[in-house]
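> need the 3D shape of this:
(one chain, ligands or ions: 1)
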Amino acid sequence: MARPRVAVLISGRGSNMAALLEAAADPAYPAEIALVLSNRAEAAGLARAAAAGVPTAVVESRAFRGDRPGFEAAVQAVLEERRIALVALAGFMRVLTEGFVRRWEGRMLNVHPSLLPAFPGLDTHERALAAGVRLHGCTVHLVSPGVDEGPILAQAAVPVLPGDDAAALAARVLAQEHRLYPAALAWLAEGRVAPDGRLEGVTAATGSLANPLPGRSRLHTPGSEA
Ligand code: GAR
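Predicted structure coming up:
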């Protein structure tokens, strides 16, 4: 059976896009990345996609001067022309209209660098540090109207460590995004994702992650009690 044709939508670096391309290079992967589309011609990810031999397209959002429906109509035309079945948002920094989202309902994923519903929007790592959370992470979800909203498919958690700054935390989370997003897109392509985000035939995690490790302090030595 033909693999569903996926468009990856980016605005910048494209490291998640690269992770998806790498996974989809395996003939056993259940989806084909048929297009990488950016709303910015200078997005670094476009060159990476082209180097991997994947067709690219640019629809400059700037040219539409705030006319979101006009911008999205242009994007939609490209997606239709390329016979795209599924959309993967990968650092695509445009707020989408309800009309566009409804059109792709159940067929569009997003990856977000926090454990949603905590910290939607921008600067997630700075906000996680400011909030003092001990666990942070990333989420892959179906896209609903509303910024970073929609049924959750999968999440990966990482510890927040003493001395972390936003860059260190972002790097730890990003490594998990690169693991989780290709897996989640495969589940969608295989038809394992229910409209509410529930997964069929996917192994649930067992065990838990606690941070810091519960138990006695490392500094405790027998006989140190007063
Ligand atoms: C990623 O961390 C992604 O989760 C985030 O932008 C970054 C893009 O990096 N997306 C959002 O914040 C969406 N709300 P990348 O271009 O290297 O994949």
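> can you name the residues of the chain sitting close to the ligand?
10, 12-16, 45, 90-91, 111-113, 148, 174, 177 (CB under 6 Å from any ligand atom). Quick note: C-beta positions are derived from backbone N, CA and C, even for glycine.
> take the residues you listed and keep only those in strands.
10, 111-112 (DSSP state E).
> which of those tops the neighbour count?
Of all these, Ile10 has the most neighbours under the rule other CB atoms under 10 Å, reaching 28 neighbours.
> bridged to it, which residues?
Under DSSP bridges, the beta-bridge partners of Ile10 are Ser38.
> surely it meets Leu37?
Yes. Using CB atoms under 8 Å, Ile10 makes contact with Leu37 at a distance of 7.4 Å.
> circling back to that earlier point, closest to Gly191 out of the residues of the chain next to the ligand?
Using CB to CB, Val111 comes nearest to Gly191 of these, at 20.0 Å.
> I'd say that closest one and Gln176 touch.
No. Using CB under 8 Å, Val111 makes no contact with Gln176, being 9.9 Å away.
> shared neighbours of those two, anything?
Cys138 (CB atoms under 8 Å, 6 or more residues apart in numbering).
> how much space between whichever residue of the chain sits closest to the ligand and Leu9?
Closest residue of the chain to the ligand, CB to the nearest ligand atom: Gly91 (2.6 Å). Gly91 sits 9 Å away from Leu9, taking CB to CB, to the nearest Å as the criterion.
> same thing with Asp148?
In terms of CB to CB, Asp148 sits 15 Å off from Leu9.
> more neighbours: the two, which one.
Leu9 (25 against 21).
> skipping its backbone neighbours, what lies nearest that one in space?
Distances taken as CB to CB, 6 or more residues apart in numbering put Phe92 closest to Leu9, at 4.0 Å, once the chain neighbours are dropped.
> got phi/psi on His141?
phi -140, psi 150 (degrees, to the nearest 10).
> mind exporting the C-alpha coordinates of the longest helix anywhere in the chain to PDB?
Selection of the longest helix in the chain by residue count, based on DSSP state H, yields helix 166-189. The C-alpha trace of helix 166-189 is given here as PDB (Å, rounded to 0.1, in the frame of the first residue of the first chain):
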ATOM      1  CA  ALA A 166      17.200  27.500  29.300                       C
ATOM      2  CA  ALA A 167      19.700  26.300  26.700                       C
ATOM      3  CA  ALA A 168      20.800  23.200  28.600                       C
ATOM      4  CA  LEU A 169      17.100  22.300  29.300                       C
ATOM      5  CA  ALA A 170      16.100  23.000  25.700                       C
ATOM      6  CA  ALA A 171      18.800  20.600  24.400                       C
ATOM      7  CA  ARG A 172      17.700  17.900  26.800                       C
ATOM      8  CA  VAL A 173      14.000  18.300  25.700                       C
ATOM      9  CA  LEU A 174      14.900  18.500  22.000                       C
ATOM     10  CA  ALA A 175      16.600  15.100  22.100                       C
ATOM     11  CA  GLN A 176      13.300  13.700  23.300                       C
ATOM     12  CA  GLU A 177      11.400  15.600  20.600                       C
ATOM     13  CA  HIS A 178      13.500  13.900  18.000                       C
ATOM     14  CA  ARG A 179      12.700  10.400  19.400                       C
ATOM     15  CA  LEU A 180       9.000  11.000  20.000                       C
ATOM     16  CA  TYR A 181       7.900  12.900  16.900                       C
ATOM     17  CA  PRO A 182       8.900  10.200  14.300                       C
ATOM     18  CA  ALA A 183       7.200   7.500  16.400                       C
ATOM     19  CA  ALA A 184       4.000   9.600  16.800                       C
ATOM     20  CA  LEU A 185       3.800  10.400  13.100                       C
ATOM     21  CA  ALA A 186       4.200   6.700  12.300                       C
ATOM     22  CA  TRP A 187       1.300   5.900  14.600                       C
ATOM     23  CA  LEU A 188      -0.900   8.500  12.900                       C
ATOM     24  CA  ALA A 189       0.100   7.100   9.500                       C
END
